[in-house]
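Enquirer: Prediction below, plus the sequence it came from.
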Amino acid sequence: MKISSLTDIGTTREMNQDYLYSSEEAVGNLPNLFLVADGMGGLSGGKYYSEAAVNLWYQELLQTLMSDRFKGNPLDRQIEILQEFSEEIYSKLNQGLYKKGLDAGIKGGTTLSAVIHFWDTFIVSNCGDSPIYRIKNGTIELISEVQNVAEEMVREGKTTAGSVLYYQNKNRLLDYLGKRKECKPYCRLFPAEEIDGILMGSDGAFGDLTKAEIETICCDCERPQRVIGQIFESARESGEEDNQTAILYVNQEKEKNKKESEVKFPKTDTRQSKKKEDICCYTELPKSKKPLSLKEKLFKNRFIGGR
């Protein structure tokens, strides 16, 4: 698999209030985890909420994975436990963030979108408008619920995407973390066979790009970081000024099988002799000589925040 993540302050903002966590590789039965949070609030308020949401999610998941309740169950039940976790964690985070912000005198909030890849299942969940797309057979499909007024109006048939009314309501959030009222998160499961890749990010990452425009850029899945950079640049060209953050996961084995079925090169063809560094834009983590504990495996991965 190939995974790339990138965050950028954007063209006009004084601070990057986005935050992400990206698991670089699957380790045994440990789920791959991808998190994107888009903070909002004056001064450093948004940055505080996005970092806190990602870190609290991570800590809660770690406790769940290391609990006897999780480890002592068969695979099917473990998937159910992770689904229950994904459905319940948002309310817990919302209450905790609201109280912490109140105590610290910080106003703001954050969106949060998450993908857990566990064995043969993807668990997708979100609160807010940071979208998650799945890549399948060269096309992309929105698989999260974008919780803003514009998208709700589209779902209810009151307007269409791209209309004047749509853009007037695009930045009006229906839900987020850090508010007094209860949040209503979205959660959905997908078999791994239905997903060739995952593209997720803050709303600023995609700006006003259409699904077709994003699909065209995603065709270059050989180089995930180039794909993200091109999405950012294209969004800016369409007028986007917000912070930009995205994660791209590509199932490399599926891409390889697909290409091998399409083109058969002779064994002597020089195109097969490309070095790995010529077709890859990520850095492999060094392999440890000693078996790592679950906690050590999680900490091999990385948090990336705005500066």
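Expert: Arrived safely, thanks for sending.

Enquirer: ok so Glu241 is a strand residue?
Expert: No. Secondary structure of Glu241 (DSSP: H, G, I helix; E, B strand; the rest coil): coil, not part of a strand.

Enquirer: gap between the closest residue to it other than its chain neighbours and Arg236?
Expert: In space, and not counting its chain neighbours, Glu241 is closest to Thr12: 4.4 Å by Cβ to Cβ, 6 or more residues apart in numbering. Just so you know, the C-beta spots here come from the backbone N, C-alpha and C atoms, and that holds for glycine as well. Remark: distance between Thr12 and Arg236 (Cβ to Cβ, to the nearest Å) = 10 Å.

Enquirer: Show me which of those two is the more surrounded one.
Expert: Arg236 (17 against 9; other Cβ atoms under 10 Å).

Enquirer: Distance check, the nearest residue to Tyr186 once chain neighbours are set aside against Asp129.
Expert: Using Cβ to Cβ, 6+ apart and skipping residues adjacent in sequence, the residue nearest Tyr186 is Glu145, 3.8 Å away. Noted for Glu145: a distance of 9 Å to Asp129, by Cβ to Cβ.

Enquirer: which residues in the stretch 101-250 of the chain form strands?
Expert: In the stretch 101-250 of the chain, the strands defined using DSSP state E, counting those that start in this stretch lie at 109-110, 112-118, 121-127, 132-136, 139-142, 186-191, 197-201, 244-250.

Enquirer: Sketch out the low-pLDDT regions of the protein for me.
Expert: Applying pLDDT under 70 to the chain flags residues 25-31, 42-43, 220-222, 253-303, 306-307.

Enquirer: quick one, what contacts the residue nearest the centre of the chain?
Expert: Nearest residue to the geometric centre of the chain (Cα atoms, centre = their mean): Met200, 4.0 Å. Taking Cβ atoms under 8 Å, 6 or more residues apart in numbering as the contact definition, Met200 lies against 34, 36, 113, 115, 130-133, 144, 246-247.

Enquirer: Specify the beta-bridge partners of it.
Expert: Beta-bridge partners of Met200, counted by DSSP bridges, are Ile132, Ile247.

Enquirer: Look up how far Gly46 lies from it.
Expert: Taking Cβ to Cβ as the criterion, Met200 is separated from Gly46 by 19 Å.

Enquirer: before we move on, what about Tyr166?
Expert: From Tyr166 to Gly46 the distance is 24 Å (Cβ to Cβ).

Enquirer: okay, these two: which has more neighbours?
Expert: Gly46 (28 against 18).

Enquirer: can you pull the contacts of the more buried one?
Expert: By Cβ under 8 Å, 6+ apart, the residues touching Gly46 are 15, 17, 38-40, 108-110.

Enquirer: Just flag the most distant two among these.
Expert: Met15 and Gly109 (15.5 Å; Cβ to Cβ).

Enquirer: More neighbours: these two, which one.
Expert: For Met15 and Gly109, the more surrounded residue by other Cβ under 10 Å is Gly109, and the numbers stand at 27 against 16.

Enquirer: Which residue is the nearest non-sequential neighbour of the more buried one?
Expert: Gly178 is the one closest to Gly109 (Cβ to Cβ, 6+ apart), at 3.6 Å.

Enquirer: give the contact list for that neighbour.
Expert: 49, 53, 94, 97-98, 101, 108-110.

Enquirer: cool, and Glu193?
Expert: With the criterion set at Cβ under 8 Å, 6+ apart, Glu193 makes contact with Asp120.
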